[in-house]
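Asker: Sequence below, structure please.
(2 chains)
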Amino acid sequence: NAGVTQTPKFQVLKTGQSMTLQCAQDMNHEYMSWYRQDPGMGLRLIHYSVGAGITDQGEVPNGYNVSRSTTEDFPLRLLSAAPSQTSVYFCASSLHRLAGVEQYFGPGTRLTVT
Amino acid sequence: KNQVEQSPQSLIILEGKNCTLQCNYTVSPFSNLRWYKQDTGRGPVSLTIMTFSENTKSNGRYTATLDADTKQSSLHITASQLSDSASYICVVSATGNKLVFGAGTILRVKS
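Answerer: Numbering: from 1, shown residues only, chains lettered A, B, ... in the order given. Predicted coordinates:
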């Protein structure tokens, strides 16, 4: 199993550009989520999905869109990048959403918006 | 407000020494508490998950404790190794599996 994979590893965008961060998992997990990690702060939930075709907003959803057309893939779209979106983005997956279930994180995408 | 606070922010120890990292939380209602290790440039990796009824849980040289009454947890690392250098993140799960992340403690182990 490759686990949770993310591409790209690094990305630099200009303000106003759009892009998609890719996330895939090969563990047949129902639950997938996107977080951002900023210096001195804990990870914050952007969006999550409890299964194909079902997505919902997390703590900091503004400026981001998601979709879940398959169990394996959960891309995160930045519609019009802003410097405030400079961050490290992590995708995570777990078997389901219930408490106590192990969550697996991808290696992260470091995004810089100039 | 649900919060998780970790201390110290950073720590430097000599290889072979023990250390203890602290986590205090105000998350309610409590479901479980997790400790993650995050190496530089990598995603977090789970060390332990503890429920309300568990006081201690070990994973090799890592031992986590939980006091649900005082809402405190600690992660004790025994006989530290250079590979223990990382950020250690405490995460508390509220009912409904809402995860609240601490900012982490950065540990550096020196030879």
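Asker: which intervals of the chain have sub-threshold pLDDT?
Answerer: As the question left the chain open, I've gone with chain A. A:99 (pLDDT under 70).
Asker: wrong one, I was asking about chain B
Answerer: Short version for chain B, where the test is pLDDT under 70: B:96-97.
Asker: A:L95: neighbouring residues, count only.
Answerer: By the measure other Cβ atoms under 10 Å in any protein chain shown, the count of residues near A:L95 is 14. For the C-beta atoms, the positions are set from N, CA and C on the backbone; glycine is no exception.
Asker: tell me the contacts of it?
Answerer: For A:L95, the contact set (Cβ atoms under 8 Å, 6 or more residues apart in numbering or on different chains) comprises A:M27, A:H29, A:E30, A:Y31, A:V101, A:E102.
Asker: Quick check, the second one in contact with A:S93.
Answerer: Yes. The pair A:H29 and A:S93 qualifies as a contact (Cβ atoms under 8 Å) at a distance of 4.0 Å.
Asker: which one among the contacts of A:L95 gets closest to chain B?
Answerer: A:E102 (5.8 Å; Cβ to the nearest Cβ).
Asker: Look at that closest one and say how many residues are nearby.
Answerer: 11.
Asker: How about the contacts made by it?
Answerer: A:E102 neighbours (Cβ under 8 Å, 6+ apart): A:S94, A:L95, B:S46, B:I49.
Asker: Enumerate the beta-bridge partners assigned to the residue nearest the centre of chain A.
Answerer: Of all residues in chain A, the one closest to the mean position by Cα atoms, centre = their mean is A:W34, 2.8 Å from it. Counting by DSSP bridges, A:W34 forms beta bridges with A:H47, A:C91.
Asker: Now do the contacts for it.
Answerer: A:21, A:23, A:45-48, A:58, A:64, A:66, A:74, A:76, A:89-92.
Asker: Which neighbours do A:H29 and A:S93 have in common?
Answerer: A:Y104.
Asker: Between the two, tell me which one has more neighbours.
Answerer: In this view A:H29 and A:S93 are compared by other Cβ under 10 Å, and A:S93 has more residues nearby, 26 against 21.
Asker: tell me which element that one is part of?
Answerer: A:S93 is located in strand A:87-94, with elements delineated by DSSP states H and E.
Asker: Can you give the contact residues for that strand?
Answerer: A:4, A:6, A:21, A:23, A:25, A:27, A:29-38, A:43, A:46, A:74, A:76, A:101-106, A:108-111, B:43-44.
Asker: Kindly recompute the last result at 6 Å.
Answerer: If you take Cβ atoms under 6 Å, 6 or more residues apart in numbering or on different chains as the criterion, strand A:87-94 is touched by A:4, A:6, A:21, A:23, A:25, A:29, A:31-38, A:101, A:103-106, A:108-110, B:43.
Asker: Would you state the strands of the chain in chain order?
Answerer: Using chain A. Ranges of strands in chain A, per DSSP state E, are A:4-7, A:10-13, A:19-25, A:31-37, A:44-51, A:54-57, A:64-66, A:76-78, A:87-94, A:103-105, A:109-113.
Asker: Please refer instead to chain B.
Answerer: B:4-7, B:10-14, B:19-25, B:30-38, B:45-51, B:56-59, B:62-67, B:72-77, B:86-94, B:98-101, B:105-110.
Asker: That's all I had, so thanks and see you.
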